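>>> Requesting a structural model of the entry that follows:
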Amino acid sequence: MLLVLVEQTGGVASDPSLQTLTLARSFGEPIHALVIGSAVDLSHHGVAVTHVAVHDELDSFAPDAWAAILGQLADRLGAGAVFAAGTDRGNDVMARVAARMRLPLATNCIAVAPGPPVTLTRQRWGGSLLEEARLHSARALITVAPHSVPIEPARAETRVERFTPQLKEQELVVHVAEHVSTKGGGVSLAEAKVVVSGGRGVGSKEGFAIIEDLAGLLGAAVGCSRVVTSAGWRPHTDQVGQTGTKIAPELYIACGISGATQHMAGCKAAKRILAINSDAEAPIMLNADYAVVGDLKEIVPAISAELRKRK
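Alright, predicted model coming up:
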C-alpha cells in the first residue's frame, strides 16, 4: 500500500501532486492519499482512499505538524512507501518525516520501480544530470520532481475518511503566519499559463515597468532571474530557477536573460519559450522555441503596442 501527500488550494489538488499520483501508480497499488484541511476529489487519479486531516490549528501550513500527521498515518496503514511532490512544501515535510523515521529520502525522482531494493531515476544539478540509484530502506520515502511526469487520469472508486490527528504543541510552533498578495492581479507564478520574466538586460528596477505592462496585457505573471533578486530589483518570490520557483507555463517570455543552468532548471518545463536578447549567442537562445535578437527596451513595448491594437 502506498501513501501520497496531496497539496491543495481551495479544494483543488496542485498539478505537482497529481503528477506524483501518476508516478506512484507505476510503483504499486492501492493508493491512499493524505489531504490536510479540505477534501479533494481524487476519484480520477486512481486513489482508493482519501484521508482528510481536520484540526483547529491547521488553518495554515505547519511543516512539523504535517510531518507528524503523515508519519502517523503511514504507520497506522502500514504503508510500504510514502510519496510527495518535490515542491518547497513537499520536500520540507518529507525531510522531517525521514528524520523522524530515521530513514533515507530520495528527492526529485522522475521514475521509480519497486524492489527490494527500490530503483529510481533522479534529477541532479538542476535537471542537467539524471542519476540512476537504488534505495535500500524498510519504507521508501520519495519526492517527485515537479513537471517531470505528465498527469494521467485513472478512474477509481474513492472513499473519503476524515480524522483528527493528535498533535503536540511544539509541532505547531513553526507555521505560516501571513500570506502576502503578489502583484499582477494575484496571478501565481507557479500556476500561471503565461510568464514574462526579466533579467540583467532590463537594466534597473524601473526597467521592469515594460515587463509588467506586457504581463498585464497577457494576463501573465512576472518573473525574473537570480541576478535581479540579488540586485534588489524584484523580490525573491518572483525568481524563476533552481533556487526560486519552478514553472510550467504554456508560454515563457524571457527578456534579457542569459539562460544560466540555474535559471533553465526552473523554466525547462515550459511548453514554449520566447527569448528576447541582444546577444544571439546567449545560452537561452539554444533552448528557445522562438528567439528575437535585439534591444528588449524596443521589442517589448512594440509587442505591447501590437497587442493593444488587436484588443
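>>> going forward, measure contacts between C-alpha atoms and count neighbours the same way
OK.
>>> what's the following helix or strand after the lengthiest strand in the chain?
Assignment by DSSP state E gives strand 105-113 as the longest strand of the chain. The first helix or strand that comes after strand 105-113 along the chain, using DSSP states H and E, is strand 118-124.
>>> Secondary structure of residue 134: a helix, I assume?
No: if the criterion is DSSP: H, G, I helix; E, B strand; the rest coil, then residue 134 is strand and not within a helix.
>>> Distance check, the nearest residue to it once chain neighbours are set aside against residue 150.
Across the structure, with Cα to Cα, 6 or more residues apart in numbering as the measure, the residue nearest residue 134 apart from its sequence neighbours is residue 119 (4.5 Å). Remark: distance between residue 119 and residue 150 (Cα to Cα, to the nearest Å) = 20 Å.
>>> can you check residue 10 too?
If you measure residue 10 against residue 150 using Cα to Cα, the figure is 22 Å.
>>> Compare these two (neighbour count), which wins?
Under the criterion of other Cα atoms under 10 Å, the comparison of residue 10 against residue 150 puts residue 150 first, with 14 against 9.
>>> Go ahead and confirm that one touches residue 17.
No: shown here, residue 150 and residue 17 do not form a contact pair, counting by Cα atoms under 8 Å, at 11.1 Å.
>>> if we can go back for a sec, pairing-wise in the sheet, spell out the partners of the residue nearest to residue 134.
Note on residue 119: beta-bridge partners residue 113, residue 134, judged by DSSP bridges.
>>> In this model residue 4 seems to touch residue 79, though I could be wrong.
No: Residue 79 lies out of contact with residue 4 (Cα under 8 Å); the separation is 9.8 Å.
>>> Comparing these two, which residue is more hemmed in?
When residue 79 is set against residue 4 and neighbours are counted by other Cα under 10 Å, the residue ahead is residue 4, at 27 against 18.
>>> pLDDT below threshold where in the stretch 51-200 of the chain?
126-127, 180-186 (pLDDT under 70).
>>> Quick one: the strands in it, in order.
Shown for the stretch 51-200 of the chain, the strands assigned by DSSP state E, counting those that start in this stretch span residues 81-85, 105-113, 118-124, 129-135, 140-144, 159-163, 194-198.
>>> next one: the last one to chain centre, how far?
The chain centre lies 17 Å from the centre of strand 194-198; the measure is Cα atoms, centre = their mean, to the nearest Å.
>>> Now the following helix or strand past that strand: buried residues?
Where DSSP H and E defines the elements, the next helix or strand beyond strand 194-198 is helix 209-218. Neighbour-count burial for helix 209-218, counted by 16 or more other Cα atoms under 10 Å, picks out 210-216.
>>> Show residues contacting the next helix or strand after helix 209-218.
Counting by DSSP H and E, the next helix or strand C-terminal to helix 209-218 is strand 221-224. The contact list for strand 221-224 (Cα atoms under 8 Å, 6 or more residues apart in numbering) reads 184, 187-189, 192, 194-199, 211-212, 215, 234, 238-240.
>>> what number of residues lie near the residue nearest to residue 188 when sequence neighbours are not counted?
Spatial nearest neighbour of residue 188, excluding adjacent residues (Cα to Cα, 6+ apart): residue 221 at 6.5 Å. Neighbouring residues of residue 221 were enumerated by other Cα under 10 Å; the total is 29.
>>> Need the per-residue pLDDT for residue 221.
Reading off the confidence values, residue 221 has pLDDT 94.
>>> same thing with the one 10 residues further on?
Turning to residue 231, the model gives it a pLDDT of 95.
>>> Pull up the gap between it and residue 225, please.
Taken as Cα to Cα, the span from residue 231 to residue 225 is 10 Å.
>>> next one: residue 147
Computed as Cα to Cα, the residue 147 to residue 225 distance reads 20 Å.
>>> Just the terminal-to-terminal distance for stretch 212-225.
For stretch 212-225, the first and last residues are 15 Å from each other (Cα to Cα).
>>> Residue 302 is in what secondary structure piece?
Under the criterion DSSP H and E, the helix or strand holding residue 302 is helix 296-310.
>>> Just the angle for that helix relative to strand 194-198, thanks.
150 degrees (axes from the mean of the first three to the mean of the last three Cα atoms, to 10 degrees).
>>> any idea how far helix 296-310 is from the chain center?
In terms of Cα atoms, centre = their mean, the centre of helix 296-310 is found 31 Å from the chain centre.
>>> and the closest residue to residue 145 other than its chain neighbours, how many neighbours does it have?
Taking Cα to Cα, 6+ apart, and ignoring the residues beside it in sequence, residue 145 has residue 108 as its nearest neighbour in space, at 4.1 Å. Using other Cα under 10 Å, residue 108 has 22 neighbouring residues.
>>> wait, isn't residue 108 in contact with residue 86?
Yes: under the contact definition of Cα under 8 Å, residue 108 touches residue 86, with a separation of 5.8 Å.
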